[in-house]
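Visitor: Predicted coordinates and the sequence they were generated for:
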Amino acid sequence: MTDRTGIIAAMESELRDLSSTLEHERTETIAGREIHYGRLEGQPVALILCGCGKVNAALSAALLAGHSKISRILLTGISGALAEGLNVGDIVIGDSFVQHDMDARPLFPQHQIPFEGFSVIEADPDLRYLLADAGRAMLATKRPLGLENAALFEGLVVSGDQFLSSNEARDRVLGSLPRASCVDMESAAVAQVCRAADLPLGVMRVISDSADGRAHIDFAKFVEYSASKACAETVRYALRALKD
């Protein structure tokens, strides 16, 4: 069996840098998603652009898990800061994941996935440490513009089908999940698929805003030229480390 790494990103700009250096072998289209197979840093990979939101993310992860014969998934992209002390450009490596908008009360406790009996899903320890080391190496050697003062953290990543754009929305999430480091729209959904498929998952997120309506002044430019390059370089470091 090929030791292939599945790589997921939500936006085209987040995947473009990796796609540009992919030693392309073939592309398959399944359920409206293109899966690009090839090699990066000598390692076999399958790249997929998932789109935003939990359903898109879960669909893409399920396609990789069920069709692409992958051994692990790496998910990269941007997120909004929730924890105090996180700033635009900082990197968060997910150590666990929760769907902040999962709420089937009174039938089930808040955040618990109905009939599954859990709310928190842990990251794979090996991939978590691999991405943390890779992120530190990227910051030490290939730190892109816009991340001059960036630091790396590990923490709880929460996900939901909402772009948090006010202090009220941000405080509501933190009120029930005070340990949350950052918020996105994909990670916890991918984590649920990976848990069901017994696939290791590693997640890296670059902070793009404060999840309170004060988005980065040049959001699109920051994603394209700063966050995306940070994600791509970190993934490259991680893939090289998988060879060792």
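Guide: Now that the structure is in, tell me what you want to look at. From a predicted model like this one, the values you see are computed outputs, not experimental measurements.

Visitor: Dihedrals phi and psi, residue 105?
Guide: phi -60, psi 150 (degrees, to the nearest 10).

Visitor: contacting residues for the residue nearest to residue 119 when sequence neighbours are not counted?
Guide: Distances taken as CB to CB, 6 or more residues apart in numbering place residue 111 nearest to residue 119, at 3.9 Å, with adjacent residues excluded. No exception for glycine: its C-beta is placed from N, CA and C like everyone else's. Remark: with contacts taken as CB atoms under 8 Å, 6 or more residues apart in numbering, residue 111 is in contact with 98, 99, 100, 102, 103, 119, 176, 177.

Visitor: Assign residue 111 to helix, strand or coil.
Guide: At residue 111 the chain is in coil, as set by DSSP: H, G, I helix; E, B strand; the rest coil.

Visitor: Would you check how far apart it and residue 173 are?
Guide: Per CB to CB, to the nearest Å, residue 111 is found 11 Å from residue 173.

Visitor: Need the overlap of contacts for the two.
Guide: Residues touching both residue 111 and residue 173 (CB under 8 Å, 6+ apart): residue 100.

Visitor: Adjacent strands (with direction) for the strand ranked longest in the chain?
Guide: For the chain, the strand with the greatest residue count under DSSP state E is strand 70-81. Here strand 70-81 is paired, per DSSP bridges, with strand 4-9 (parallel), strand 180-184 (antiparallel), strand 201-209 (parallel).

Visitor: and the shortest one, how far out from the chain's middle?
Guide: So that's strand 180-184. Relative to its parent chain, strand 180-184 has a centroid offset of 11 Å by CA atoms, centre = their mean, to the nearest Å.

Visitor: For that strand, give me every contacting residue.
Guide: Identification of contacts with strand 180-184 by CB under 8 Å, 6+ apart yields 10, 77-83, 86, 92, 98, 100, 153-160, 164, 173-174, 205, 207, 211.

Visitor: swap the cut-off to 6 Å and go again
Guide: With CB atoms under 6 Å, 6 or more residues apart in numbering as the test, strand 180-184 has contacts from 79-83, 92, 155-159, 164, 205, 211.

Visitor: Could you save the residues you listed as JSON lines and add columns showing distance to residue 18?
Guide: What follows is the contacts of strand 180-184, written out as JSON lines (distance: CB to CB, whole Å):
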{"residue": "79", "distance to residue 18": "18"}
{"residue": "80", "distance to residue 18": "23"}
{"residue": "81", "distance to residue 18": "24"}
{"residue": "82", "distance to residue 18": "27"}
{"residue": "83", "distance to residue 18": "28"}
{"residue": "92", "distance to residue 18": "19"}
{"residue": "155", "distance to residue 18": "24"}
{"residue": "156", "distance to residue 18": "26"}
{"residue": "157", "distance to residue 18": "21"}
{"residue": "158", "distance to residue 18": "25"}
{"residue": "159", "distance to residue 18": "22"}
{"residue": "164", "distance to residue 18": "27"}
{"residue": "205", "distance to residue 18": "16"}
{"residue": "211", "distance to residue 18": "26"}
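
Visitor: Which one of the residues you listed is nearest to residue 115?
Guide: Minimum separation from residue 115 among the contacts of strand 180-184 (CB to CB) is found for residue 159, which lies at 19.3 Å.

Visitor: From what I see, that closest one and residue 191 are in contact.
Guide: No: between residue 159 and residue 191 there is no contact under CB atoms under 6 Å: 8.3 Å.
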